[in-house]
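**Student:** Predicted structure and sequence below. I'll ask about it afterward.
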Amino acid sequence: MNLHSDSNHLETWNKGKLIGQKAPLKLKEIWAIRIRLELSNDVRDLALFNLAIDSKLRGCDLVKLKVRDIAHGERIASRAIVMQQKTNLPVQFEITEQTRNSLSSWMNCAQLKSEDYLFPSRIQGSPHLSTRQYARIVNRWVTQIGLDPLNYGTHSMRRTKATLIYRRTKNIRAVQLLLGHTKLESTIRYLGIEVDDALEIAEQTEV
């Protein structure tokens, strides 16, 4: 097999697709996906979904998590810290009780050990879920609850809790820290805050 020749013909997973700001999930949509996964007893996807929402990690960081990154022995931590691939800077995130429970069920089901990847790939030769596989899983989640997959993606998972936190607190600095952004301007742009706030003000203004 000519690996070099094959690599020259590889295409990026998003070639030809619409690329833009992906919408965060609303609370009712979070619960719609969560309940569907619970009813179908999809232990892995429920753990993946819950952790994606809690961690606010980029897909490239989420799929590379190992058991040791979020657990000490059999005990799953309430907080974890990982090094971001894009910035090479650490970011900390919370792991809620609901997420800890789903992770525990998944780790027991898959018999994962400390050095194992948290979400192993089912494709031979790939040690963990790829970002492309993760994108397909997210596509399936949103499609199953009737959302247009063109408007959602892996960044929807990253943006969801950050957006909810900002809506409740208006604390952009806190959101910046949670997302691991080095610049406040990046967080403002990422969440589309200025536009959303301007529209909210406009809606409340009668002329």
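**Tutor:** Okay, I see it. Numbers count the residues shown, from 1 in each chain.
**Student:** Test my guess that Leu57 contacts Pro90.
**Tutor:** No. The criterion here is CB atoms under 8 Å, and Leu57 misses it with Pro90 at 11.9 Å. Where you see a C-beta, it was placed from the backbone N, CA and C, and this is true even at glycine.
**Student:** Looking at the two, which has the bigger crowd around it?
**Tutor:** The neighbour comparison of Leu57 against Pro90 (other CB atoms under 10 Å) goes to Leu57, with 24 against 10.
**Student:** what's the nearest residue to that one if we skip its chain neighbours?
**Tutor:** Excluding its sequence neighbours, the residue lying closest to Leu57 (CB to CB, 6 or more residues apart in numbering) is Arg158, at 6.6 Å.
**Student:** ok now do Ser114, which residues does it touch?
**Tutor:** Ser114 sits next to 66-68, 71, 73 when contact means CB atoms under 8 Å, 6 or more residues apart in numbering.
**Student:** Check the gap between Asp116 and Ser105 for me.
**Tutor:** 16 Å (CB to CB, to the nearest Å).
**Student:** How many residues are close by the closest residue to Arg100 other than its chain neighbours?
**Tutor:** Leaving aside its sequence neighbours, Arg100 sits nearest to Ile76 (CB to CB, 6+ apart; 4.4 Å). The tally of other residues near Ile76 (other CB under 10 Å) stands at 19.
**Student:** One more: Gly73?
**Tutor:** 8.
**Student:** Equivalent analysis for Lys183, please.
**Tutor:** 9.
**Student:** List every C-alpha atom in stretch 71-81, with coordinates, as CSV.
**Tutor:** Extracted in CSV, the C-alpha atoms of stretch 71-81 (Å, rounded to 0.1, in the frame of the first residue of the first chain):
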residue,chain,number,x,y,z
ALA,A,71,-10.9,10.1,37.5
HIS,A,72,-8.8,9.2,40.5
GLY,A,73,-9.0,5.4,40.8
GLU,A,74,-12.7,4.6,40.6
ARG,A,75,-13.7,8.1,41.8
ILE,A,76,-14.6,10.6,39.1
ALA,A,77,-13.5,14.1,40.0
SER,A,78,-15.9,17.0,40.3
ARG,A,79,-13.3,19.2,38.5
ALA,A,80,-10.7,18.4,35.9
ILE,A,81,-8.0,20.2,34.1
